[in-house]
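A.B. asks: Sequence and computational prediction follow.
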Amino acid sequence: MAAPFAESRSRPVAVWLFVVALLVVAMIVVGGATRLTGSGLSITQWRPVSGAAPPMTAQAWDQAFWRYQATPQYRLVNRGMSLSEFRIIFWWEWAHRLLGRLVGVTFAAPMAFFLLSRRMPRRLIWRSLGLLFLGGLQGLVGWWMVKSGLEARASVAPERLAIHLGLGLLLLAALIWNGLEAWNGRAPGTIPRRDRWTLASATLALAILLQCLLGALVAGNQAGLIDGDWPLMRGAIFPADYWRASLWNTIVHGPSASQFDHRVFAYLIFAGAVTLALAAAYASSAPRLMRALAVTIALAVSVQAALGIATLMTAVPLALAMVHQAGAALVLALSIALAWRSARN
């Protein structure tokens, strides 16, 4: 007779989920670098298996370069690029896709082991299958995003970039949440208490996720390269060119609008994070770990805001922009941990 599945807690499963979460963070950061270096459209085919190997011969490199030369990005932005210059952007995109494959293998293989050995906590089985589906969907959406820049545009569509990043962040959040579930086991009692801390921490986590999506629109519209002054935008509080004929074009495709929205939402998140940290620090009803997480998030949001301002005012240098993107993932991860802890309060 087969042994039953673990009922509640498994530290090895938790470690596995946290390792995959770290790989997802790395993928988010490298994905940001591909956008900043203009590398995301350098590989014009989607071959999940055979595409894992890069070009190995001079002829293969010539064919990859020829396919890139047929794209709008080459014709409109990079006409005259040499093969050696093409290889630089190719390797960025190849590394991003390789990380995606690594995430898939690192998730699927241990999951199969935990399921076959019946070491997966029973309540996490369907959640893990859902995470596997979400990871596969992320790959499909990534190609859907790339296709938008291979047809009539010289860059990917901002809304598709935001959806691609959003799915990656949702995957990161789910990995962290379920990793904490696997590490700590089922919550004591019957139904976790829902109180003001749960509502406040969940609201903050959702706001941080939305802010990351607004950041994706900034990247998709290359809005970080305009209005490089702060706290004003070209000497004004509200940009004169905010409106662009329709709400969709304004919010999604407007460079000034996307930067302004990202700025304003950053102020709101900063105020909310500091308020929550102060409330938790002075509330006797807040558990010690919740207080520590709330204060840590307020500090992380402050550093992240400073990084954002520095990135903008220095015309988005690659290294600083990558640190800013990694900071966004860290802030989101901390907010998910706080939301999880508050839900078990």
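C.D. replies: Here it is on my side, so go on.
A.B. asks: Looks to me like Leu41 is in a strand.
C.D. replies: No. Leu41: not assigned to a strand; according to DSSP: H, G, I helix; E, B strand; the rest coil it is coil.
A.B. asks: quick one: it and Leu206, what's the gap?
C.D. replies: Per C-beta to C-beta, to the nearest Å, Leu41 is found 32 Å from Leu206. The way it works is simple: take the backbone N, C-alpha and C, and place the C-beta from them, glycine included.
A.B. asks: more crowded one of the two?
C.D. replies: Per other C-beta atoms under 10 Å, whichever of Leu41 and Leu206 has more neighbours is Leu41, with 26 against 12.
A.B. asks: In contact with that one, which residues?
C.D. replies: Contacts for Leu41 (C-beta atoms under 8 Å, 6 or more residues apart in numbering) come out as Tyr68, Thr71, Gln73, Glu93, Val146, Gly149, Leu150, Ser155, Val156.
A.B. asks: ok, and the residue nearest to the spatial centre of the chain, which helix or strand is that part of?
C.D. replies: Nearest to the mean C-alpha position of the chain, counting by C-alpha atoms, centre = their mean, stands Leu169 at 4.0 Å. Under the criterion of DSSP states H and E, Leu169 resides in helix 158-184.
A.B. asks: list the buried ones in that helix?
C.D. replies: Buried residues in helix 158-184, counted by 16 or more other C-beta atoms under 10 Å: 158-182, 184.
A.B. asks: Kindly report the same for stretch 76-91.
C.D. replies: Asn78, Met81, Phe86, Arg87, Ile89, Phe90.
A.B. asks: excluding its backbone neighbours, what's nearest the second one?
C.D. replies: It stands for Met81. In space, and not counting its chain neighbours, Met81 is closest to Tyr74: 6.8 Å by C-beta to C-beta, 6 or more residues apart in numbering.
A.B. asks: Now name the helix or strand holding the one you found.
C.D. replies: Using DSSP H and E, the element containing Tyr74 is helix 72-76.
A.B. asks: C-terminal to that helix, what's the next element?
C.D. replies: helix 83-116.
A.B. asks: Output the below-cut-off pLDDT ranges for the protein.
C.D. replies: 1-7, 188-194, 345 (pLDDT under 70).
A.B. asks: and Leu98, how far is that from Leu209?
C.D. replies: Counting by C-beta to C-beta, the separation of Leu98 from Leu209 is 26 Å.
A.B. asks: What of Leu169?
C.D. replies: Counting by C-beta to C-beta - Leu169 and Leu209 are separated by 6 Å.
A.B. asks: cool, Val301 as well?
C.D. replies: 13 Å.
A.B. asks: Show me which of these two is the more surrounded one.
C.D. replies: The neighbour comparison of Val301 against Leu209 (other C-beta under 10 Å) goes to Val301, with 25 against 19.
A.B. asks: mind checking how far that one is from Val331?
C.D. replies: Counting by C-beta to C-beta - Val301 and Val331 are separated by 6 Å.
A.B. asks: and Asp229, what does it touch?
C.D. replies: With C-beta under 8 Å, 6+ apart, Asp229 has these contacts: Gly235, Met313.
A.B. asks: Can you tell me the SS state at it?
C.D. replies: Applying three-state DSSP: Asp229 is coil.
A.B. asks: and it, backbone torsions?
C.D. replies: phi -100, psi 160 (degrees, to the nearest 10).
A.B. asks: One more: Ala277?
C.D. replies: phi -60, psi -40.
A.B. asks: you'd agree it is up against Ala294?
C.D. replies: Yes. Using C-beta atoms under 8 Å, Ala277 makes contact with Ala294 at a distance of 4.5 Å.
A.B. asks: And the two? Which one has more around it.
C.D. replies: Ala294 (30 against 20).
A.B. asks: Could you report the distance from Trp340 to Ala109?
C.D. replies: Counting by C-beta to C-beta, the gap from Trp340 to Ala109 is 26 Å.
A.B. asks: Name the residue in the two with the higher neighbour count.
C.D. replies: Using other C-beta under 10 Å as the criterion, Trp340 and Ala109 rank with Trp340 on top: 22 against 11.
A.B. asks: Which residues are in contact with that one?
C.D. replies: With contact set as C-beta under 8 Å, 6+ apart, Trp340 has these partners: Ile176, Trp177, Leu180, Glu181.
A.B. asks: my guess is Trp61 contacts Tyr68, does it?
C.D. replies: No. Checked against C-beta under 8 Å, the pair Trp61 and Tyr68 is beyond contact range at 10.7 Å.
A.B. asks: Have a look at those two and say which one is more surrounded.
C.D. replies: More neighbours surround Tyr68 than the other of Trp61 and Tyr68, with 20 against 17 (other C-beta under 10 Å).
A.B. asks: From Trp248, how far off is that one?
C.D. replies: Taking C-beta to C-beta, one finds Tyr68 at 30 Å from Trp248.
A.B. asks: now do Ala281
C.D. replies: Relative to Trp248, and taking C-beta to C-beta, Ala281 is found at 42 Å.
A.B. asks: same deal with Leu210?
C.D. replies: Taking C-beta to C-beta, one finds Leu210 at 17 Å from Trp248.
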